[in-house]
Each structure stands twice: as structure tokens, then as C-alpha cells.
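1. predicted model and sequence follow; I will ask about them next.
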There are 2 protein chains.
Amino acid sequence: MGEETDAIRQNRLPERSIDAADRRLLGALVEDATVSYAELGEKAGMSAPAAHERVKRMRRSGAIRQTVAMADPRSVGKPLLAFVHVDTRGWGKTPELMAVSSFPEVEEIHTVAGDACILLKVRTEDTRALEGLLARIYDTPGVTSTRSYVVLSTYLERPVQPGITQDWPAPKLGTNPIY
Amino acid sequence: MGEETDAIRQNRLPERSIDAADRRLLGALVEDATVSYAELGEKAGMSAPAAHERVKRMRRSGAIRQTVAMADPRSVGKPLLAFVHVDTRGWGKTPELMAVSSFPEVEEIHTVAGDACILLKVRTEDTRALEGLLARIYDTPGVTSTRSYVVLSTYLERPVQPGITQDWPAPKLGTNPIY
DNA sequence: CATATTCGCCGAATGATGTTCAGCTTCAAC
DNA sequence: GTTGAAGCTGAACATCATTCGGCGAATATG
């Protein structure tokens, strides 16, 4: 009997899906990670050690990837934000293009489905620096064209929210999807 | 306690442009904000109280907007990432559309220059939820169309980096720009 | 040129907070 | 009923954040 449970335990990773209490903790930490565990526990309805243990577990399991300071783009001298769509010849995702991640101006790199191949989020000091970055991208073998969307104003920008909308207003197509 | 003395000093602008030492501190905090001030000071070449004072000032001045935990999208049940371009009739930026910020699925809202008007970054549980969100967007008065770029893979996603690339390889256009 | 003032930093002391521990309760499996 | 695991709590302990006085450098002032 004990053998079975032991065996089961061993291949079970500490991975455990987060529950409602974890979500409350995450919700608070996503807003402000500088709160004390006492205050955090109070918000989530538990004691400080309990909050500490759950947060520790979420860090281990990867549910909390990291805790970081968010720098103000203007204060660090990078007021210009742009999204760059990159088209490539053949199947994109070239390792050469990934090298642009070494530039601190590049914040995100995604491959996407749609008329573009690769999508970049970049933040530069001015249009001059953006031009320099675009020139660098064009120099990459396989890149055929780019389209840049320069951000005029940002109205919302926040980290991943733990909340999930449960019930969307059903699309009124006159019929319901099978899946 | 300390608030009173702080209040007295408030007519003096604490606004001061960040220097190289501040940038080193920011660079460390953007990677990991859980380090102790002792370790932080060591990385930036100063004592713990010095690091503490500079960080405190950067928080006050807004150079550090907030310190947050980054949740893993997959762990919180939102594995699907998409960028949605929204076209609107007339001058977009409708207050009605800004209401979508109440959905935890919406992470960014920008107005952009280019063929699109408004750009959203959204993260949903599945394609069904994305459809629900798009339906909600289409219901907004003035919205004429949307184009969605569903992310296949994310290769880089990080917060604002304090570093700035000083010298870009000059665009080889055969002539130099005036500005 | 000498002096006063401001500013930032350091080392040490203090108070708050993170972290661990033993014991209790609940729950499920057997 | 019994056993074992898991999670929580309050209290003890260790660590760290935060404050304070004093020092040196740089700048302003006489």
C-alpha cells in the first residue's frame, strides 16, 4: 500500500494548479509586490506564513515568473514606442533575427499568424534610433519588408492579470458553435 | 512619522534626471526586484543605504512606476496571446472602446500611426474567449473592422530596459540626415 | 583664496519584516 | 476508526529595511 502511494508521489511534480486563494495573492502581487506578507495575507484572508508559503510555491512552480521593477520609459529616455511587423522570405524565425534581442530597445519578439511573420515591440529614444534599429533588421538575411506602427498614446499597459472573464456575451450568429 | 518631515520638503522638486548609478540600480531591479539592498548596492557599487535612498527617490520621481510580480500566462489559464488592430469611423479613441480595459484579458491599449487606429494586446483562455472579446469590441459604436494577429510563439518578453544603444550602424543611404 | 553650504555617501544602531518551527485541524484513503 | 498528508496558525528567530550622525567632495559665497 505504502509502496503505491510512494511511487505515485515520486513522479508527481510539485506542479499544482493554482486555486482561488492563489489567485487572490497573485492579484495583489501583480498590483504591488512591495507589500508585506502580513498585509498580503490579510488581503487574501490568511496569515502571513500561509501567504508566504503559497507565494514561495508559486515562485517555484513558475506561476510567478519573476518580480521586477517597472521603469518609466520617459524617465529612462525612451519615449518612442513602436510595433514592427517583419516579413521574411521562407519560414521566418531566423536565428539571425533573434539576435536583435541583445538590443535593450527590443522588448518583445513573437511569431504570429496573419499577414505578418514576426512581430516586435520596440522602444527607442527617438525616430533616429528607430531608424537605426530598422536598418539593423533589414540587414538580417531573409527579411523582405517591415511595417511599423508608431504609438501615439498609450492608454493602458499592465502585466498579466490573473483574472479571467467567465461569461462573454455570446456572439449573435444565430447558431451556436460545436466547440 | 517620517511623513511629516517629507511633507515639509515637498515644495522642493525632487525631480532630477537619473544618472549612471541610477541606471545600474534600475538595471538590476528590472531583472529581479527581490534582491536585498545590500546586494543591490554591491552590484551598483555603493552601500545599502545609498542604494536605498536612490531607489526611494526614483520611486518618488516616477522613474520606477511600480514593483510587480509577473504571472505566468499559462499558469493563470490564459495561454492565447493576440494583437488586435481596430479600425474606427471618424477619430477613434472612443471612450466606449476604452471600457474594454475592465476586462483582465486586455493588457495594452494604444493609438497608433499607420493603417490601423487602435492597437490592443489581449491574452485569453482560448479562441472562444478571444471571439467573445472581439464580439464585444465590434459592439462598440464606431468600430468598423479589426485584424487579429494570433501569437504562435513568444521568444522575448521583458519589461522596459534602462539601457540605451548609443551608436547605431548608420543607415547607408549615401547621405546623412540634417536632423 | 578662504569659508559656508549643500549634497551624497558610509558605518553603526534600531525597528520592522521575512522565515522557520512545532502543534493543531481538516480531509481523504484505507 | 485509524492513518497519513496537507494546510493553517501563533510564536520564536534571523534577516533585512530604515534611520541617524558624521564625513568628504563639490559648489556657492564672502
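-> Noted; the coordinates are in hand. Numbering: from 1, shown residues only, chains lettered A, B, ... in the order given.
2. by proximity to DNA strand D, which residue of chain A wins?
-> Closest residue of chain A to DNA strand D, CB to the nearest atom of the strand: residue A:47 (2.9 Å). Where you see a C-beta, it was placed from the backbone N, CA and C, and this is true even at glycine.
3. ok, that residue - contacts?
-> Contacts for residue A:47 (CB atoms under 8 Å, 6 or more residues apart in numbering or on different chains) come out as residue A:41.
4. can stretch A:118-138 be found next to chain B?
-> Yes. With CB under 8 Å from any CB of the partner chain as the criterion, chain B is reached by stretch A:118-138 at A:119, A:123, A:125, A:128, A:129, A:131, A:132, A:133, A:135, A:136.
5. just the strands in chain A please.
-> Per DSSP state E, chain A carries strands over the ranges A:64-71, A:80-88, A:106-113, A:118-124, A:143-157.
6. middle-most residue in chain A, spatially?
-> Closest to where the C-alpha atoms of chain A average out (CA atoms, centre = their mean) is residue A:160, at 6.1 Å.
7. so which of the strands of chain A is the most packed in?
-> Comparing the strands of chain A by mean neighbour count (mean count of other CB atoms under 10 Å in any protein chain shown), strand A:118-124 ranks first with a mean of 23.
8. in its sheet, which strands sit next to that one, and in what direction?
-> strand A:80-88 (antiparallel), strand A:106-113 (antiparallel) (DSSP bridges).
9. mind checking how far it is from the chain centre?
-> Its chain's C-alpha centre and that of strand A:118-124 lie 14 Å apart, by CA atoms, centre = their mean, to the nearest Å.
10. ok so, going back, the strands of chain A: which one's closest to DNA strand C?
-> Nearest to DNA strand C among these is strand A:64-71; the distance by CB to the nearest atom of the strand comes to 11.1 Å.
11. identify the residues contacting that closest one?
-> The contact list for strand A:64-71 (CB under 8 Å, 6+ apart) reads A:26, A:29, A:33, A:55, A:58, B:26, B:29-34, B:63-72, B:159-162.
12. need the residues of stretch A:118-138 next to chain B in JSON lines (columns: distance to DNA strand C and pLDDT).
-> Output for those, formatted as JSON lines (distance: CB to the nearest atom of the strand, whole Å; pLDDT from 0 to 100):
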{"residue": "A:119", "distance to DNA strand C": "37", "pLDDT": "97"}
{"residue": "A:123", "distance to DNA strand C": "27", "pLDDT": "98"}
{"residue": "A:125", "distance to DNA strand C": "24", "pLDDT": "97"}
{"residue": "A:128", "distance to DNA strand C": "30", "pLDDT": "95"}
{"residue": "A:129", "distance to DNA strand C": "28", "pLDDT": "97"}
{"residue": "A:131", "distance to DNA strand C": "35", "pLDDT": "96"}
{"residue": "A:132", "distance to DNA strand C": "32", "pLDDT": "96"}
{"residue": "A:133", "distance to DNA strand C": "32", "pLDDT": "97"}
{"residue": "A:135", "distance to DNA strand C": "37", "pLDDT": "95"}
{"residue": "A:136", "distance to DNA strand C": "34", "pLDDT": "94"}
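13. which single one of the residues you listed is nearest to residue B:103?
-> Closest approach to residue B:103 among the residues of stretch A:118-138 next to chain B (CB to CB): residue A:119, at 21.5 Å.
14. hang on, the closest one packs against residue B:152?
-> No. Look at residue A:119 against residue B:152 with CB atoms under 8 Å: they stay out of range, at 10.1 Å.
15. show me the contacts for residue A:127.
-> Each residue near residue A:127 by CB under 8 Å, 6+ apart is listed here: residue A:80.
16. report pLDDT for it.
-> Residue A:127 is assigned 96 on the pLDDT scale.
17. which strand residues bridge residue A:123?
-> residue A:81.
18. OK, contacts around it?
-> The neighbourhood of residue A:123, defined by CB under 8 Å, 6+ apart, consists of A:73, A:78, A:80, A:81, A:82, A:105, A:107, B:160.
19. for those residues, give me a markdown table that also has pLDDT and distance to residue A:176.
-> Listed next are the contacts of residue A:123 as a markdown table, based on pLDDT from 0 to 100; distance: CB to CB, whole Å:
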| residue | pLDDT | distance to residue A:176 |
| --- | --- | --- |
| A:73 | 98 | 44 |
| A:78 | 97 | 47 |
| A:80 | 98 | 45 |
| A:81 | 98 | 40 |
| A:82 | 98 | 40 |
| A:105 | 98 | 46 |
| A:107 | 98 | 39 |
| B:160 | 98 | 43 |
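20. now, the most widely separated pair of those residues?
-> A:82 and B:160 (13.8 Å).
21. re earlier: what about DNA strand C: which of the contacts of strand A:64-71 touch it?
-> When the contacts of strand A:64-71 are checked against DNA strand C using CB under 7 Å from any atom of the strand, none falls in range.
22. about what we covered before: in ChimeraX, how would I select the buried members of the residues of stretch A:118-138 next to chain B?
-> Buried members of the residues of stretch A:118-138 next to chain B, defined by 16 or more other CB atoms under 10 Å in any protein chain shown, are picked up in ChimeraX with:
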select /A:119,123,125,129,131,132,133,136
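23. for residue A:159, the count of nearby residues, please.
-> Look at residue A:159: counted by other CB atoms under 10 Å in any protein chain shown, it has 18 neighbours.
24. pretty sure it is touching residue B:121, no?
-> No. Under the criterion of CB under 8 Å, residue A:159 is not in contact with residue B:121, lying 11.3 Å apart.
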